[in-house]
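# 3D, please:
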Amino acid sequence: MEKEATKPEIVINNLLKEDWFSDWLGIEVLEIREGYCKVQMQVRKEMLNGFGITHGGITYSLGDTCLALASNSYGRQSLSVETSISHTKSTNVGDTLIAEAEELSLTNRIGIYSITITNQNNEKVAFFRGSVYRTSKEWK
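Numbering: from 1, shown residues only. Okay, here's the model as predicted:
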């Protein structure tokens, strides 16, 4: 018997259905629950910058997607209003990047999240932080 999908799983599946950029990145959802998300992706050649390492925008995008999924997991449409990233270690082709969101604060209108990005060796490669505005619109 197949397990029934949870509300966060239904919301995220609907959200990702037309998220062509996250699809291009190859982002895979490992775990989702209200206020929490863990995703991963593998670095490909076309994601490198002129230094031959992963472009910072790729790591940023992984963190941004993780933020979007964690903050929308309650079923209310939430939009980022402020984000930032600090890169601490370079990554390369073939590396697997894992982003894990932690909800720091949640009110009726604002959510604040910290996303830690690690590589396949569990080394911290970036720290992403984001604030979202929680609208009153519900996901279907």
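# contacts and neighbour counts: CA atoms only from here.
Fine.
# Pairing partners for the longest strand along the chain, with directions?
Identified as the longest strand of the chain according to DSSP state E is strand 124-138. Partners of strand 124-138 in the sheet, by DSSP bridges, are strand 76-87 (antiparallel), strand 110-118 (antiparallel).
# okay if I get those as JSON lines plus distance to residue 27?
Below are the strands paired with strand 124-138 laid out as JSON lines (distance: least, Cα to Cα, whole Å):
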{"stretch": "strand 76-87", "distance to residue 27": "18"}
{"stretch": "strand 110-118", "distance to residue 27": "13"}
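# of all those, which gets the most neighbours per residue?
Highest mean neighbour count of those: strand 110-118, a mean of 23 (counted as mean count of other Cα atoms under 10 Å).
# So for that strand, mean pLDDT?
On average, the pLDDT along strand 110-118 is 98.
# Repeat that for stretch 29-41.
On average, stretch 29-41 scores 97.
# neighbouring contacts of it?
8-9, 25-28, 62, 66-67, 69-74, 96-103 (Cα atoms under 8 Å, 6 or more residues apart in numbering).
# got it, and stretch 87-97?
For stretch 87-97, contacts defined as Cα under 8 Å, 6+ apart pick out 40-45, 47-48, 52-54, 56, 117-120, 124-127.
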